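Peer 1: kindly return the folded structure for what I paste below:
(chains A and B)
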There are 2 protein chains.
Amino acid sequence: MNLREVGEFGLIERLRDKLNPADDTVIVGIGDDAAVLSYDAKSYVVMTTDMLVEGVHFREDTIDFRSLGWKSLAASFSDIAAMGGIPRHAAVSLAIPPSYEIESLEQLYEGIAEICSEFQAHVVGGDIVKTDGPFVISVTVNGEAAQGKALLRSGAQPGDLVFVTGTVGGSAAGLVLLESSQKSLLPPDEQLTLITFHQRPVPQVQVGQILRTSGGCTSCNDISDGLASELNEIAAASGVGIRIDENRLPLAPAVTNFARITGQNAIDWALYGGEDYQLVGTLHPLAYSAVVTACQMNGIRFTLIGRVIEGSGVVMERSAGGETVLTARGYNHFTE
Amino acid sequence: MNLREVGEFGLIERLRDKLNPADDTVIVGIGDDAAVLSYDAKSYVVMTTDMLVEGVHFREDTIDFRSLGWKSLAASFSDIAAMGGIPRHAAVSLAIPPSYEIESLEQLYEGIAEICSEFQAHVVGGDIVKTDGPFVISVTVNGEAAQGKALLRSGAQPGDLVFVTGTVGGSAAGLVLLESSQKSLLPPDEQLTLITFHQRPVPQVQVGQILRTSGGCTSCNDISDGLASELNEIAAASGVGIRIDENRLPLAPAVTNFARITGQNAIDWALYGGEDYQLVGTLHPLAYSAVVTACQMNGIRFTLIGRVIEGSGVVMERSAGGETVLTARGYNHFTE
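Peer 2: Got it, this is the predicted structure:
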C-alpha cells in the first residue's frame, strides 16, 4: 500500500501497532510531545545515536526490512553494551522516500519490535518525515548503568590482556556471500550462518555487564568498524601499544570455509570488515579467571588475542611468522 | 573547505571544538561508544526526537546555517518544555552531501552551541554520515522533570481556560517575508522581528516550569504545526471541545502590519503556520492567577484565548461575527 493513501499519521498508527506494549519504566510513551522515562535512582543514563543511509550503510539487495529493523537498533544497543550499560528506551526517526510501500516499513518495525522484545527495551518516540533522497534511519537509545566506572576506551595499561567476545569477520563474510555468485559452493546451513552474522548481529549486553561488574575491564569497544580500527582507538585513547596474535583470532568455521572456497582472506574480514558488534577490550590479568568463568556459565565465547604493551599502535604477529602494523582502515565517510 | 580534505574524523574534531565544555551532568561526553549522563535521583528523563530534511523542513535561501543549528535544537527543546521538563543533553546526527563546505557545518554547530549555552544544555554525541540525497539533521534531546505529573495533552476538562504564550503566527510571517519581493515595504526593524520569529524561535522552558509547578495546567502542547492543529490534538486526546476567540489571538504588531501591507491573513498564519514554538494548553480557572503572576514577573506574555467545553472539535468565534470550525491543517508528510 502506498504512503500517500494513509499519510503521515496513518503510517504512525500502523507502525506503533507493531511495537511491544510499554512497561513501567515508560511513564509517558509515544503520542505526546516527548516520552517520560523512569530510571533507577542509582543509575546513570547512557545515551548513544546512529544514523544509517540507504546506499551507504545498507542496500535492499543485501538486507530485508525486518532484519534492517533489528540491525539498526542492534548497532546502538551494542554501543550501550560496550559502556557496560543495559539498553532501555529508543527513539527511531525515518526519512522515507514517498514511493515506499507501507508493508516494508511495517516489516522494519517488526524487526525493531523483535530486538526490543529480546532485550526488554522499548521504542518511546520518533519522527516520520518524507525525503526526495535515500531512506534514512536515525536511532537514539537511552540505556542504564549503575553509577560508578563505565567501560571506557581509555584505561588500558601495559600488562593487560586483550580480549574479544564471540567470533569476528562473520558480518563481512555474510555481506560478501550475499553479493556473491558463488553462494552455492557453501553448504546451506553455513550460508545461513553467514547471512545471520551480517543481518542479525546480537549486541553483547550480557558480557558488557560481566566485564563491568568484574571491576578489571580496563577498556572496551564494540566492533562496528573492524578489529583493527577498534584496537587502534583503544591504543590511542589509552596511550599504549597493543600486540595481537593472528592465530588466536576467533573465526567461525563457516567464515574460514567460505574464505577458502572463494580464495579470500578471513583475517582481513575480521580486521577490517566491521559490524560484528562483538566487544573487544582489555582486562587486568587478575580479573581474567572470574570473567572467563562467568562467560562460560552463560555460553559466551571469550578469547584472549593479545596483550597491552608500552608504546603506541597495534601490531599483529602473523601465523606465517613476522608481524604487521595494523592501521585503522574502517570506513571513513567523505574520503571514500 | 571541502569535506574530502578533512574526512569524517577531521570534521568531527572541528565540530566538537565549537561546542561548550561539558558540565558535571556529563560523566562521559563525546568520544566513546556512548555518553554517560547523570540526572537527579528524583527526576524522570524526558526524551524527544526530531528529524529535519533540506527541501522539506528548511531551505538554504530562507535560513542560514547558524540559525538552522539553533532552530533544529529549539524544536526539541520546545517539546521538552511542553512536558514541563528542562532540556539537558542532545545527540545530533547529520547526513551530509559530500559537496558541503566545512565552514557551513561549523556555522551550524555555532548555532547549536549558542542555544545549548542559553539553556545550559550539552551536545553529548552524534553521528556524521554522507548521503547522496538532501542534508538531514536528526536531533534527540534528553531532559529532566521532577517526578510527578507531566504536562500531557490529555487532561483538559470542560470549564478550563485555554491559554497561549508569547505571540503566534510570527514564524509563518517571517517565512513569507523571506520569500517575498515586498520585503522593503516593511520597516527594517519589523523585518528583523519577523525573520527572528522564523529563524530563532525561543523554546518556552521557563513557562513550562511555571505551568507544571502550578499544579493546575490540565493540558499542554508546543506549537510546531499551528494553533489549529495543536488545539485539535488537545481536544481529541482529552475528549473535549474547545472554543477560542479570534479577537484574543496574540499577534505581534510586525505580523499584523506585514499582513496588512501584503494583503494576507495574519490569523491564518497563527492557526496554520506553525513553528512558533510557543506553548498552548488548558488551565484550571483556580490556577490562573498564580500562573499569570509568575509569567508577569518573568516578562512572559500569557494570553487566555478561549475555554474548554463538553463535546469535541475546535471552534473559533470570528471577530466579524459567526464561528468557524478549525480543522488540523498542519503539514502532513506524504499526502502533500
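Peer 1: rest of the way, CA atoms for contacts and neighbours
Peer 2: Will do.
Peer 1: number of residues surrounding the closest residue to A:G281 other than its chain neighbours?
Peer 2: Once flanking residues are discounted, A:G281 sits nearest to A:C220: 4.1 Å by C-alpha to C-alpha, 6 or more residues apart in numbering or on different chains. Using other C-alpha atoms under 10 Å in any protein chain shown, A:C220 has 34 other residues around it.
Peer 1: doesn't A:C220 belong to a helix?
Peer 2: No: going by DSSP: H, G, I helix; E, B strand; the rest coil, the assignment for A:C220 is strand, not a helix.
Peer 1: I'd say A:A266 and A:A254 touch.
Peer 2: No: with contact taken as C-alpha atoms under 8 Å, A:A266 and A:A254 are classed as non-touching, separated by 10.2 Å.
Peer 1: what's the overlap in contacts for those two?
Peer 2: Common contacts of A:A266 and A:A254 (C-alpha atoms under 8 Å, 6 or more residues apart in numbering or on different chains): none found.
Peer 1: that older thread, the residue nearest to A:G281 touches A:V162, doesn't it?
Peer 2: No: A:C220 is not in contact with A:V162 according to C-alpha under 8 Å; the separation is 9.7 Å.
Peer 1: and for those two, which residues touch both?
Peer 2: Counting by C-alpha under 8 Å, 6+ apart, the common neighbours of A:C220 and A:V162 are A:V280, A:G281, A:T282.
Peer 1: who's the last one bridged to?
Peer 2: What it means is A:T282. Using DSSP bridges, the bridge partners assigned to A:T282 are A:V162, A:S219.
Peer 1: what pLDDT does it get?
Peer 2: Listed pLDDT for A:T282 reads 98.
Peer 1: look up how far A:D268 lies from A:R260.
Peer 2: Noted for A:R260: a distance of 13 Å to A:D268, by C-alpha to C-alpha, to the nearest Å.
Peer 1: for A:S238, that is, sorry about that
Peer 2: The gap separating A:S238 from A:D268 is 25 Å, by C-alpha to C-alpha.
Peer 1: returning to what we had before: ok, A:R260 and A:D268, which is more surrounded?
Peer 2: For the pair A:R260 and A:D268, the greater number of neighbours falls to A:D268 (15 against 12), based on other C-alpha under 10 Å.
Peer 1: and the pLDDT at the spatially closest residue to the more buried one that is not a sequence neighbour?
Peer 2: Nearest residue to A:D268, sequence neighbours excluded (C-alpha to C-alpha, 6+ apart): A:G169, at 7.7 Å. On pLDDT, A:G169 comes in at 97.
Peer 1: hmm, A:G169 is touching A:G274, no?
Peer 2: Yes: counting by C-alpha under 8 Å, A:G169 does reach A:G274; the two are 7.1 Å apart.
Peer 1: out of those two, which sits in the busier spot?
Peer 2: A:G169 (31 against 27).
Peer 1: OK, contacts around that one?
Peer 2: By C-alpha under 8 Å, 6+ apart, the neighbours of A:G169 are A:L251, A:V255, A:A266, A:I267, A:D268, A:W269, A:A270, A:L271, A:G273, A:G274, A:D276.
Peer 1: separate out the buried members of those residues.
Peer 2: Buried subset of these (neighbour count, 16 or more other C-alpha atoms under 10 Å in any protein chain shown): A:L251, A:V255, A:A266, A:I267, A:W269, A:A270, A:L271, A:G273, A:G274, A:D276.
Peer 1: distance of the last one relative to A:W269?
Peer 2: Using C-alpha to C-alpha, one obtains 10 Å as the distance from A:D276 to A:W269.
Peer 1: what is in contact with the two at once?
Peer 2: A:V168, A:G169, A:G170, A:G226.
Peer 1: take these and lay them out in a markdown table including distance to B:G216 and secondary structure.
Peer 2: Formatted as a markdown table, the shared contacts of A:D276 and A:W269 follow (distance: C-alpha to C-alpha, whole Å; DSSP: H, G, I helix; E, B strand; the rest coil):
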| residue | distance to B:G216 | secondary structure |
| --- | --- | --- |
| A:V168 | 57 | coil |
| A:G169 | 58 | coil |
| A:G170 | 57 | helix |
| A:G226 | 55 | coil |
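Peer 1: before we move on, the earlier item: most neighbours, which of the shared contacts of A:C220 and A:V162?
Peer 2: Neighbour-wise, those (other C-alpha under 10 Å) top out at A:T282, 32 neighbours.
Peer 1: in the stretch 201-336 of chain A, mark out all the strands, start to finish.
Peer 2: A:217-222, A:241-245, A:279-283, A:302-309, A:313-317, A:323-326 (DSSP state E, counting those that start in this stretch).
Peer 1: in its sheet, which strands sit next to the fifth one, and in what direction?
Peer 2: This means strand A:313-317. strand A:241-245 (parallel), strand A:323-326 (antiparallel).
Peer 1: what mean pLDDT would you report for that strand?
Peer 2: 98.
Peer 1: what sits up against it?
Peer 2: A:228, A:231-232, A:235-236, A:240-246, A:323-327.
Peer 1: picking up where we left off before, what's near enough to touch the residue nearest to A:G281?
Peer 2: Under the criterion of C-alpha under 8 Å, 6+ apart, the contact list for A:C220 reads A:A82, A:M83, A:L151, A:L152, A:R153, A:I234, A:L279, A:V280, A:G281, A:T282.
Peer 1: could you dump those to CSV with distance to A:M47?
Peer 2: Listed next are these as CSV, based on distance: C-alpha to C-alpha, whole Å:
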residue, distance to A:M47
A:A82, 12
A:M83, 10
A:L151, 14
A:L152, 14
A:R153, 16
A:I234, 20
A:L279, 18
A:V280, 20
A:G281, 20
A:T282, 23
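Peer 1: beta partners of A:R307?
Peer 2: Using DSSP bridges, the bridge partners assigned to A:R307 are A:L161, A:R243.
Peer 1: tell me how many other residues surround it.
Peer 2: Around A:R307 there are 21 residues (other C-alpha under 10 Å).
Peer 1: give me the low-pLDDT residue ranges for chain A?
Peer 2: A:330-331, A:336 (pLDDT under 70).
Peer 1: break it into its domains for me.
Peer 2: Using automatic domain parsing, the domain ranges for chain A come out as A:8-146, A:161-326.
Peer 1: which of those domains sits closest to B:I63?
Peer 2: domain A:8-146 (18.8 Å; C-alpha to C-alpha).
Peer 1: what about stretch A:67-85, near chain B?
Peer 2: Yes: using C-alpha under 8 Å from any C-alpha of the partner chain, stretch A:67-85 reaches chain B at A:D79, A:I80, A:A82, A:M83.
Peer 1: from the chain's centre, how far out does stretch A:319-328 sit?
Peer 2: Between the centre of stretch A:319-328 and the centre of its chain there are 25 Å (C-alpha atoms, centre = their mean, to the nearest Å).
Peer 1: so the residue of the stretch 51-200 of chain A found nearest chain B: helix, strand or coil?
Peer 2: Nearest residue of the stretch 51-200 of chain A to chain B (C-alpha to the nearest C-alpha) works out as A:G133 at 4.0 Å. Of the three states, A:G133 takes coil according to three-state DSSP.
Peer 1: tell me how many other residues crowd the closest residue to it other than its chain neighbours.
Peer 2: Counting by C-alpha to C-alpha, 6+ apart, A:G133 lies nearest to B:G133, which is 4.0 Å off, once chain neighbours are set aside. By other C-alpha under 10 Å, the residues close to B:G133 number 20.
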